[in-house]
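# Here's a sequence, model it:
(2 chains)
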Amino acid sequence: MAKDEISGKEFKWIGTTPDRPDGLDKVTGRARYGADFNLPNMLYAAVVRSPHAHARIVKIDASKALALKGVKAVVTRADLPTGLTGEDLYLQENTLAGEKALYDGHAVAAVAATSQLLAHDAAQLIEVEYEVLPHVTDVDKAMAKDAPVILPGCADHSVPEGSAPNVARMIEFGRGDLAAGYAEADLVREGHYTTEATHQGYIEPHAAVGQMGSDGKGEMWVCTQGQWYIRKMCSAVLGTDPAQLRVTPSEIGGGFGGKTTIFMEPLPLALSKKAGGRPVKLVMSRAEVLRATGPTASASMDVKMGMKRDGTITGAEVNFRMQGGPFPGASPVGEALSCAFACYDIANLNHVGWEVLANRPKCAAYRAPGSPMAAYAVESLVDELCRELDLDPIEVRLKNGVKEGVRASYGPKFKKIGLAETLEAAKAHPNYAAPLGPNQGRGVASGFWFNHGGETSVSLAVSEDGTAQVSVGTPDIGGSRASIALMAAETLGIAYENVRVNIVETGALGVNEPTHGSRATFASGKAMWEAAQGAIKEMCKRAAQKWDIDPEAVTWKDGAAWPAGDNAGKFEPLSIKEIAGEMGKTGGPISGHHESTPSGAGPSFGTHVVDVEVDPETGRVTVLRYLVTQDAGRAIHPQYVEGQYQGGAAQGIGWALNEGYIYGEDGRLQNTVFLDYRVPVASDLPMIDTVIVEVPNPGHPFGVRGVGETGITPPLPAIANAIHAATGARLRALPMNPPAVLAAIKAKG
Amino acid sequence: MRYHAPATFDEAIAIAAGASGVTRYLAGGTDVLVQLRAGMVTPDDLIDLKKIPGTHDITRLPDGGWRIGIAVSGAELGAHAELVADWPGVVEGMELVGSTQVQGRATLTGNLCNGSPAADSVPGLVAAGATVTIQGPNGTRELPVEQVPVKPGKTALEPGEIITAITLPARGKSAGDAYLRFIPRTEMDIAVVGCAVSLVLDGDKVTAARISLGAVAPTVLLVQDCADAIIGTTLDDAALDKLAAAASAAAKPISDKRGPKEFRVDVAGVLARRAAKIAYERAKA
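Numbering: from 1, shown residues only, chains lettered A, B, ... in the order given. The predicted structure follows:
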């Protein structure tokens, strides 16, 4: 049984692994995902997309489509309001192209018809005349001064004069004296690393049903990580009032950050409005998802580090270039810089980052955005230094690793953190001592993610039978319903089965940010705890009323109100069931609510150890063993925590080995289906071993840290380091697929 | 689109001969239905052949060979112990196509007629010396499997012609076959290179061999130089080196999203060597 180190009490529910509340629905197919929602009189939509990477839109003629019987509406950019600025404008541009199509797959028009087949036929009849323009998809080429200009005047104040036209932002920060740091070092090395764009690869494509009348009142049922963001962003794009749009999230089949924004969601609303308010359904195909939602950035990165013979890192710098698609603000270069050296206590540092526009889809968040690329570059170079100086990679990380009180590379001082504990756990694990055979190698890397609080609203209502329902606004993408129910059961002193956690629509709560930044169990959990305190206070008050004593003299324990001590009087405890049973007569319904933007989301560090075997004749990498050790603060539902660790590792392995956007010379995406966009399949992976390290987060009533994102950070470098250990070949570009590995082995001679 | 489910091949041929637009034959549907859903092809006439009697049968012929009906699925092939004992390489090629679910539908003939140079079941058939029986408005003819695909997506079948069965020759004694493909993953992928080897031994010595390569040319190749490299040898290292070199030399791949040219050339040699060893072991067993 887990123990609460803050209060010293034993937990009854926290740390247990009951069945998940959504389990039966999901295994029986009853769970309703985005595409499962239907309404009477519903229309079906299809989208016309640009086949060009960069093209001026000369003319759109929808007359043939509109002439088809059953076609009810067509929308183009001309149907959307003008005058938007900043991110609102970019969201609108991305929803429907304006003067130019900016990437292969960019939406140009949408049509609604009485059947899906008819909508697809109609979309093919919409004639778009393009003037094809030169394009650029490669990040380094996009940074050239003579590159095709994507968005004139995109640079903000940070960009030095005379920079290339696609540079939108420049970031620089650091500390100490780099030259002095390198002078102190026994070995200074630098490396150039590149990573390709990858997609979150969620199995459920984007899907929405939207309905909007001529009065601007609307409803939407949608697969999303954040219903309030859908409301805010759709309203901005359409020029409607957010308060008049009610958004209900569906069950979600994966998001990983990619469903924290909008892509096609305004289109069903716009079509509905034009089609007399009939509801409109729009479901993306896999090819549409890969071409026209939000993959992560591709990156070109330089790193330089100095190390003493004893392993002390004396100085380090990075220069990162990342493209985030055709609009400013989408590339995670800022996060990448902040994560680059977050694991290390280094006196002399410098970070330079460049955000570059390219003719690719607008980037969205993907699990620890920016951090995996940064880790690939930095943790690969740390490994090179360790090997050259014949130092153990875990010892070097322990020697330089950040701990409580150390000022982070990105600014603030760390509170209680668990990097060292993850390193010790990795060192002590049998995987770290497992014997290796020929062509096998072991790699180690650590990783970091900030974690996030974010705007949060939660309410908790006690039902007449003494059970509780918790309304949260953060869609459950990783087990938050189970975790929040466990925490509510613990807080109220009732059974897990007597708590129902509902993910509610925008009309039912105050504002919530999406489930992003690994925040749902932390922030909604914390707000639930606060809300429960409100309900408990009210229940104590009802007991005090009944006993005719002071409410302060009542305490809450094991699901009941008790006299606080002998002085309060001798009364039998009143259970939640008894209090709830008569709440209508004792002052009305009992509930609690809490709204805040919680601080104290403690960061989560992790360390991965991977063993690979490389086929020297084909370059094929087989992952033999994989270990994740990561700080969860407190694992509320340990199976779900393990699931997050394993999922992060699996996605990282995919990114490292075979995933990646492949663009042709024509600027079109070539791998638009899962056959060629190669995510790992189940048989590609070994059982991923996990060790849950628990260094409780002082910023949460139960010590929770977000666990969702850190796990995708170390796999990229850990696998590169393992391949090097197995073959002697150092791969500095992703993906490390068989042709790349074979070429690197051959080049080594 | 018109859907037809004829009860005989004669009827099917009559429907095909009378069709003027785009015609597609349907067996397992694992290519046709996917292409249809993706909007790649919308047939005017869809002729379902799997209701024709006999198309689900695997029959041992009097000479010891096998006749495989055109609607026999990969799963059925794999469950046929005697056929697997004779032609493990042919069966393992077919069993690599798609997922477990797809295996319940996909057929050898469909995989062949899809015309992909990367089709996993075709190199094994070619190495085995399999033939197809073709029936058309002008009668019936036999064709070696390697002559069926003529370029990606195109077969030697004339309009109105239908493959009615695949025939595998008698396996005989001291013989073995094997198929290997290279994919970056372990499942659910398409061959970057494929290689099948079929050989016959007399004692330790290879007396006959047929070796084919997939995904390295517009059609699956039958490579005589590969066979010559090992015939008359005991498959020693020198013979294997010669075999690998011959396979790499025969490979004429393109570079595409699935793999660069040089890689495919190298791996053709690697797979030839490895597949030959497996076939040899099977022949010895």
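# which residue sits closest to the residue positioned nearest the centre of chain A in space, ignoring its chain neighbours?
Chain A has A:Gly257 as the residue nearest its centroid, 3.2 Å off, counting by CA atoms, centre = their mean. Once flanking residues are discounted, A:Gly257 sits nearest to A:Ala365: 3.1 Å by CB to CB, 6 or more residues apart in numbering or on different chains. To be clear about C-beta, it is placed using only N, CA and C from the backbone, and glycine gets the same treatment.
# residues near the one you found, how many?
25 (other CB atoms under 10 Å in any protein chain shown).
# Now do the same contact list for it.
Residues counted as contacts of A:Ala365 (CB atoms under 8 Å, 6 or more residues apart in numbering or on different chains) are A:256-258, A:260-261, A:294, A:296, A:332, A:516.
# Who are the packing partners of the helix or strand where A:Ile171 lies?
Per DSSP states H and E: A:Ile171 is located in strand A:167-175. When contacts are defined as 3 or more CB pairs under 8 Å, 6 or more residues apart in numbering or on different chains; DSSP states H and E, strand A:167-175 sits against helix A:333-340, strand A:349-356.
# taking the mean pLDDT, what do you get for that strand?
Confidence for strand A:167-175, expressed as mean pLDDT, is 98.
# So which bits of the helix or strand following it are buried?
Downstream of strand A:167-175, the first helix or strand assigned by DSSP H and E is helix A:178-184. Buried residues in helix A:178-184, counted by 16 or more other CB atoms under 10 Å in any protein chain shown: A:178, A:181-182, A:184.
# Any idea how far helix A:178-184 is from the middle of the chain?
37 Å (CA atoms, centre = their mean, to the nearest Å).
# how big is the angle separating whatever helix or strand comes next after that helix from helix A:333-340?
Remark: after helix A:178-184, the chain's next helix or strand is strand A:187-195, criterion DSSP H and E. If you take axes from the mean of the first three to the mean of the last three CA atoms, to 10 degrees, strand A:187-195 sits at 140 degrees to helix A:333-340.
# Tell me which other helices or strands the helix or strand of chain B with the lowest mean pLDDT touches.
One helix or strand of chain B scores below all others by mean pLDDT, DSSP states H and E: helix B:32-37, with a mean of 90. Secondary-structure packing of helix B:32-37 (3+ CB pairs under 8 Å, 6+ apart): strand B:23-26.
# what's the strand it packs on in contact with?
By CB under 8 Å, 6+ apart, strand B:23-26 touches B:12, B:16, B:32-33, B:41, B:43-50, B:113, B:159, B:162.
# Got phi/psi on the residue in the stretch 101-250 of chain A that chain B sits nearest to?
Ranked by CB to the nearest CB, the top residue of the stretch 101-250 of chain A for proximity to chain B is A:His120, at 7.1 Å. Backbone geometry at A:His120, expressed as degrees, to the nearest 10, gives phi -70, psi -40.
# Domain map for chain B?
B:2-50+B:57-168, B:175-284 (automatic domain parsing).
# I'd like the distance between A:Ala374 and chain B.
25 Å (CB to the nearest CB, to the nearest Å).
# Which SSE is immediately downstream of the helix or strand hosting that residue?
Using DSSP H and E, the secondary-structure element containing A:Ala374 is helix A:371-388. Per DSSP H and E, helix A:371-388 leads on to helix A:393-400 as the next helix or strand towards the C-terminus.
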